[in-house]
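**Q** make a model of this:
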Amino acid sequence: MPQASSFIRPALIFLALLLGAGLAFRGVPSAAEGARPIPPPVLDEPSGPQATSEVAVLAGGCFWGVQSVFQHVEGVTGAVSGYAGGSAEAAHYEMVATNTTGHAESVRITFDPRRISYGHILQIYFSVAHDPTELNRQGPDVGTQYRSAIFPTNAEQAHIAEAYIAQLDQAHMFDGSIVTKIEPGRNFYPAEDYHQDFLTRNPRYPYIVINDLPKLEALKRLFPDLYRATPVLVAARS
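**A** So this is what the prediction gives:
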């Protein structure tokens, strides 16, 4: 992912973006356009009286796109970009970018379980937000900080995630096996302010156009009942 604070791309990522743009213009879909319909989880949270708020923490490549996807989901009341998997001292973009901290770029999603279940959050995550078959990478971004990972906030979330991965793998819903890791007991640390609401603030940024805007189109196409046109923004809450 390009360094947002200075908008200076490392050379390899710059070449990857140019290649991605060329492929898109020639009609070859980018990685973000590989979204596909998948069934909801068989095992999900029980219906009935529930708390009014729940938190999910998910990692699936650059947090700009993942955050934006969930900001446009009905029932989501907040989505914050950040880091999970490492220490508080290492939860800084420049350190995480070294691929030595154990952190993954992640998004903390706060949602109303009366309006959308944890299982349906995972359905969008696997279907639209990223490609769960890519190991330690997403699109042009390579490294363990871009890994596919679920950081459950309780044992029930971990159980639902494990069962859903097994369900999708057994049904061969993807071209390869799901590599998403479930990593319980990890803290989440919000990212720097310049990373928050990045797609909304920079909709014409080349990386966003190539890799992330197609995810919003896929969300609208595959989950029309859950798509919200106006995103819930970090800036509006602060």
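**Q** count the residues that sit near His92.
**A** Other residues near His92 come to 15 when the count uses other C-beta atoms under 10 Å. The C-beta positions use only the backbone N, C-alpha and C, and glycine is treated the same way.
**Q** point out where the chain drops to low pLDDT.
**A** Residues of the chain meeting the criterion pLDDT under 70: 2-33, 48-49, 238.
**Q** please redo it, this time with the cut-off set to 80
**A** Under the criterion pLDDT under 80, the flagged ranges of the chain are 1-34, 47-50, 237-238.
**Q** helices of that one, start to end?
**A** Using DSSP state H, the helices found in the chain span residues 11-25, 63-71, 93-96, 118-124, 155-170, 198-201, 206-211, 213-222, 234-237.
**Q** pick the most deeply packed of these.
**A** Relative to the other members of these, helix 63-71 carries the highest mean neighbour count by mean count of other C-beta atoms under 10 Å, namely a mean of 27.
**Q** against which helices or strands is that one packed?
**A** strand 54-60, strand 76-84, strand 104-111, helix 118-124, helix 198-201, helix 206-211, helix 213-222 (3 or more C-beta pairs under 8 Å, 6 or more residues apart in numbering; DSSP states H and E).
**Q** got the contact list for it?
**A** 1, 4, 32, 58-60, 76, 79-82, 105-107, 109, 121, 124-125, 128-130, 191, 195-200, 207-208, 211-212, 215-216, 219, 231-233 (C-beta atoms under 8 Å, 6 or more residues apart in numbering).
**Q** would you write a ChimeraX line that selects the buried entries of these?
**A** What follows is the ChimeraX syntax selecting those of these that are buried according to 16 or more other C-beta atoms under 10 Å:
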select :1,4,32,58,59,60,76,79,80,81,82,105,106,107,109,121,124,125,128,129,130,191,195,196,197,198,199,200,207,208,211,212,215,216,219,231,232,233
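**Q** would a markdown table of the helices of the chain with distance to Pro184 be doable?
**A** What follows is the helices of the chain, written out as a markdown table (distance: least, C-beta to C-beta, whole Å):
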| stretch | distance to Pro184 |
| --- | --- |
| helix 11-25 | 32 |
| helix 63-71 | 19 |
| helix 93-96 | 20 |
| helix 118-124 | 14 |
| helix 155-170 | 5 |
| helix 198-201 | 28 |
| helix 206-211 | 29 |
| helix 213-222 | 26 |
| helix 234-237 | 25 |
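**Q** can you say which of those helices is nearest to Pro37?
**A** Evaluated with C-beta to C-beta, the helices of the chain place helix 213-222 nearest to Pro37, the distance being 5.5 Å.
**Q** just how off-centre is the closest one within its chain?
**A** Chain-centre distance of helix 213-222: 13 Å, with C-alpha atoms, centre = their mean, to the nearest Å.
**Q** so that helix versus strand 54-60, what angle?
**A** On the basis of axes from the mean of the first three to the mean of the last three C-alpha atoms, to 10 degrees, helix 213-222 is oriented at 130 degrees to strand 54-60.
**Q** so which of the helices of the chain is nearest Gly185?
**A** Closest approach to Gly185 among those is made by helix 155-170 (9.7 Å; C-beta to C-beta).
**Q** and Arg186, what does it touch?
**A** For Arg186, the contacting residues are 57, 84-85, 151, taking C-beta under 8 Å, 6+ apart as the criterion.
**Q** again, only this time at 10 Å
**A** Residues in contact with Arg186, defined by C-beta atoms under 10 Å, 6 or more residues apart in numbering, are 57, 59, 83-86, 102-104, 106, 149, 151-153.
**Q** partners of Leu58 in the sheet?
**A** When bridges are assigned using DSSP bridges, the partners listed for Leu58 are Val107, Ile150.
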